[in-house]
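K.L.:
Structure, please.
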Amino acid sequence: MKSSSSGHTDIPVLISGAGPAGLFAAILLTKLNIPCRLIERHLQISPLSKALVIHARTLEIFAFSGILEKFLERGQQLSDIHAYMGSKPAVVLPALKTTESHFNFGLFLEQLRTTAILTEELEALGVEVDRGWELMDTKVIEDTAADGKSWVETTIRRARVGTNIRQTESKVLGVVEADPEEEGKKYETQVVRSEYLIATDGGKSAVRHSLNIGFPGRTLDRSMIIFDGHVESDVPFDNITIVNGVSNHNMAIFPLHDGQIRILLDDGYLSQEEYAALCPEDLTVEKFEKLAAACVAPAKFKCLDCSWLTYYRVNERQAEHFAYKDRIFLAGDASHVHSPAGGQGMNTGLQDSFNLTWKMALVLHGIAPEAILKTYEVERKPVADDIIKLSARALDIGIGQGLLQRTFRKIAFTIAPYILPYIPAGATNPMTMLNIRYHENDINRHSKSQACVNDDYQVGHRAREGDLCVIQHHNAKSVEGESVTVRLHELLVGPGIFHVLVFVSDMLVTSTSGTSGQSTTTIKGIETTTPDALSKEIDTHLKSWRSKWAYKSLLNASKPVVTAESGHTASPSTASRAAIPHPSSAAILFMVHVIASDGSTVSGSEHTDGQLSVFGESTDTLVAKPAGEGKIYSDHCGVVHQKYGVQEKHGPGAIIVVRPDSYYGYRVLGANHESWSDVDGYFKTILVD
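P.N.:
Numbers count the residues shown, from 1 in each chain. Have a look, this model is predicted:
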């Protein structure tokens, strides 16, 4: 294992590019007490709206990271797509609804506003974007000494007056010139040495270009026009709308702030030569208005004003590698670009950062070996490949001009009202990004001593959501309506924390004969556990893990110390703050939550809905534990057990390790001593023992 090269570096992590992915990476690293420097060549946030939607999965990770509140305050919640055949309404499609997340919608918020919120969150942590700096070159320095240390050396510059933006620079995706200093400009140059470099510098990534990392893919012949502004029309455009135009042109419409809308209009197929010959000055509001009006004819359509109007051509490309010598990592558009259809691009970049930063923090804190960083490309490259394909399909289905696509839409819009009532609402909707999974690798492992579970519950899946009831002391009065309900995801506070979920089936429920659950039995060859034994296992292992593995304070003393709860806001649906973990120490890396089925069933329950679950005196030790320290929660009817593939009645239980990015890392049947030893072995395998 390579050792740290801190003696050679100025800062642990340099991030190039202050778009959403770069800002989020900086926020996460700072919350994990990793100093970082975020540079951006532009002096201000781009005024263009760009990406528009934050999907359910990204909203979940914002919640885990403690930065969700401002997004919900400023965004618009939409879940349906309104489809039109010309000016006639055809069908309303619940395209962004899902039963799998608390966030049953897409949050519409222009990228410039998303960027502004992320900038505010970063500044609240004491870190500012270092604007005006342009990355010119970067390389990995490998020391020839016996210790084998390596680091990143990056040359950056900024104009002493004005900006680094050059009038002559190419606008072609993937083309980056090592442009000489412009005549009359004076520059300041720095060489920054860092342990790692995260490149979030967009589709024209200077980092990717500097390292000669290929960006293969294709540029589609389809030409599109993007319009942002106010319009007046007989067709209501206050929802997500798709228009199958009577003119063979098609439009997708999205609401923006202040009554503006975004229109994406299919302008036909052009060869590369024809597209290159297009003159931006020839694209006028009048020309666009004529095309859009023809789509919705005979309905009225008029442009009132315009804040953005441009030709657009889709690129579908992916970097050949997302990592370079395990020191430089590409994320966001620097590593993958695709159609805007489906709104997957910005979300994928944010999720790249969420996957990478916790691993990088563990390495920099000396908790995990550098090899854990190899899983970034292993996990994210297949995701990017799938997203490119999904976005291409969404574009074809949504506004494709071909006869096949237009016929498909016409048939789909006609029959959809009759079949929609029989389709589960959004349970497997890929647009929500909830079904993204990682496959077995060095940090996603199943127990070698047990058979694998059904693929739906295998390691690498996202931690599922569900409601849990807070159990009170057995002497507490069980008054109807007094039960406190929390969502499982509210327990998964972060960032950077492993959450150990201990499912105990119904073995701890007090029987009708008054048995308190202090005896064990064997189910499927696995011994059950008792409340006392479980409490001791939790205490023993939390003490052991926390003594070996904890975050250190690496931040400059002048910076604010960031705790795990910094920026975290408890859900307003939670009646008791004590039911949700609020760690006061930034060192905490592990939390444990016990989930017990209450023994009832969906069809007929021995326990009354709205009352506290029936658990005996023997569970009081688990009930009294602080949240995150082994506190027990009741799973009514075993619904959450079922979502995690754990037998809810007369079962041996299971332990599931949820990674800091809320994906399953490990699972083992049982909650007894042997199962805890298995989990201990997992941590010793992926962390530095």
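K.L.:
Just the helices from the stretch 151-300 of the chain, written as ranges.
P.N.:
Along the stretch 151-300 of the chain, the stretches classed as helices by DSSP state H, counting those that start in this stretch are 206-210, 272-276, 285-296.
K.L.:
what's the pLDDT at Thr163?
P.N.:
Per-residue confidence (pLDDT) for Thr163: 72.
K.L.:
any low-confidence regions in the stretch 501-650 of the chain?
P.N.:
Counting by pLDDT under 70, the stretch 501-650 of the chain contains low-confidence residues at 509-519, 554-577, 583-586, 600-616.
K.L.:
who wins for proximity to Leu501 among the helices of the stretch 151-300 of the chain?
P.N.:
Taking C-beta to C-beta, helix 206-210 is the member of the helices of the stretch 151-300 of the chain nearest to Leu501, at 38.1 Å. Every C-beta, even on glycine, is put in place using the N, C-alpha and C of the backbone.
K.L.:
so after the lowest-mean-pLDDT helix or strand in the chain, what's the next helix or strand?
P.N.:
Using mean pLDDT, DSSP states H and E, the weakest-scoring helix or strand in the chain turns out to be helix 403-419, at a mean of 68. Secondary structure here is assigned by DSSP states H and E; on that basis, the next helix or strand after helix 403-419 toward the C-terminus is strand 445-446.
K.L.:
Summarise which helices and strands that next one is packed against.
P.N.:
Using 3 or more C-beta pairs under 8 Å, 6 or more residues apart in numbering; DSSP states H and E as the contact criterion, the neighbours of strand 445-446 among helices and strands are strand 664-669.
K.L.:
Near the residue nearest to Ala319 when sequence neighbours are not counted, how many other residues are there?
P.N.:
The shortest distance from Ala319 to any non-neighbouring residue, by C-beta to C-beta, 6 or more residues apart in numbering, is to Ser335 (4.5 Å). Here the number of neighbours of Ser335 (other C-beta atoms under 10 Å) works out to 30.
K.L.:
my read: Ser335 touches Ala323, true?
P.N.:
No - using C-beta atoms under 8 Å, Ser335 is not in contact with Ala323, being 9.6 Å away.
K.L.:
could you point out the longest helix in the protein?
P.N.:
helix 374-399 (DSSP state H).
K.L.:
In terms of secondary structure, what does that helix contact?
P.N.:
In terms of contact count using 3+ C-beta pairs under 8 Å, 6+ apart, helix 374-399 is assigned the packing partners strand 217-229, strand 250-255, strand 261-269, strand 308-318, strand 323-324, strand 336-337, helix 345-364, helix 403-419.
K.L.:
just the angle between it and strand 250-255, please?
P.N.:
Orientation of helix 374-399 against strand 250-255 (axes from the mean of the first three to the mean of the last three C-alpha atoms, to 10 degrees) gives an angle of 120 degrees.
K.L.:
How far off centre is helix 374-399?
P.N.:
Helix 374-399 has its C-alpha centroid displaced from the chain centroid by 14 Å (C-alpha atoms, centre = their mean, to the nearest Å).
K.L.:
Report the mean confidence score over it.
P.N.:
According to the model, helix 374-399 has a mean pLDDT of 90.
K.L.:
same deal with stretch 453-462?
P.N.:
Averaged over stretch 453-462, pLDDT sits at 89.
K.L.:
Same question for it: list its buried residues.
P.N.:
Residues 453, 457-462 are the ones in stretch 453-462 that count as buried (16 or more other C-beta atoms under 10 Å).
K.L.:
Kindly export it (C-alpha atoms) in CSV.
P.N.:
Once side chains and other backbone atoms are set aside, the C-alpha atoms of stretch 453-462 remain, and they are given as CSV (Å, rounded to 0.1, in the frame of the first residue of the first chain):
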residue,chain,number,x,y,z
VAL,A,453,-30.0,-13.8,-1.8
ASN,A,454,-32.3,-12.9,-4.7
ASP,A,455,-30.6,-10.4,-7.0
ASP,A,456,-33.1,-7.7,-6.0
TYR,A,457,-31.5,-7.6,-2.6
GLN,A,458,-27.9,-8.2,-3.5
VAL,A,459,-25.0,-6.0,-2.5
GLY,A,460,-24.6,-2.9,-4.6
HIS,A,461,-28.3,-1.9,-4.5
ARG,A,462,-29.5,1.4,-3.1
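K.L.:
quick one: it to chain centroid distance?
P.N.:
When distances are taken as C-alpha atoms, centre = their mean, stretch 453-462 is centred 18 Å away from the chain's centroid.
K.L.:
Show me what it is in contact with.
P.N.:
57, 434-441, 444-446, 452, 644-645, 662-667 (C-beta atoms under 8 Å, 6 or more residues apart in numbering).
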